[in-house]
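Student: Structural data only, the sequence is not supplied:
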């Protein structure tokens, strides 16, 4: 449902759209709708969005936004990310409210996963 002045959609650059689609399908079971060869969209994931063909990779250290997933089983999600070809850029660490780790997906976007449980 669209809400006035609320975040509605997010777009990420992707160096390799197919590898990115495969990664998010394998780890999070996302499905995609392609709009030409340079754009693909996802929906129903807490926030709708898409990936567009790009040559650059934004990273939080350079000021890019960090998108954070929630997991009720941090270790299991970490393993799934590694098995799907993701790179762990910051191992699990504690912070006020829980634990989290950062990862880089095949197109170079850095994201994070957090949990408020010990799992």
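Tutor: Cool, the structure landed. From a predicted model like this one, the values you see are computed outputs, not experimental measurements. Residues are numbered from 1 along each chain as shown.

Student: hang on, residue 80 in a helix?
Tutor: Yes: counting by DSSP: H, G, I helix; E, B strand; the rest coil, residue 80 is located in a helix.

Student: How much space separates it from residue 48?
Tutor: Taking CB to CB, to the nearest Å as the measure, residue 80 falls 22 Å from residue 48. From N, CA and C alone the C-beta is placed, and that goes for glycine too.

Student: Show me which of those two is the more surrounded one.
Tutor: residue 80 (16 against 12; other CB atoms under 10 Å).

Student: ok, and the closest non-adjacent residue to that one?
Tutor: The shortest distance from residue 80 to any non-neighbouring residue, by CB to CB, 6 or more residues apart in numbering, is to residue 27 (4.8 Å).

Student: That neighbour touches residue 79, doesn't it?
Tutor: No: look at residue 27 against residue 79 with CB atoms under 8 Å: they stay out of range, at 9.8 Å.

Student: Packing partners of the one helix or strand the residue nearest to residue 80 maps to?
Tutor: Element membership for residue 27 (DSSP states H and E) is helix 17-28. Judged by 3 or more CB pairs under 8 Å, 6 or more residues apart in numbering; DSSP states H and E, the packing partners of helix 17-28 are strand 39-42, strand 48-53, helix 74-83.
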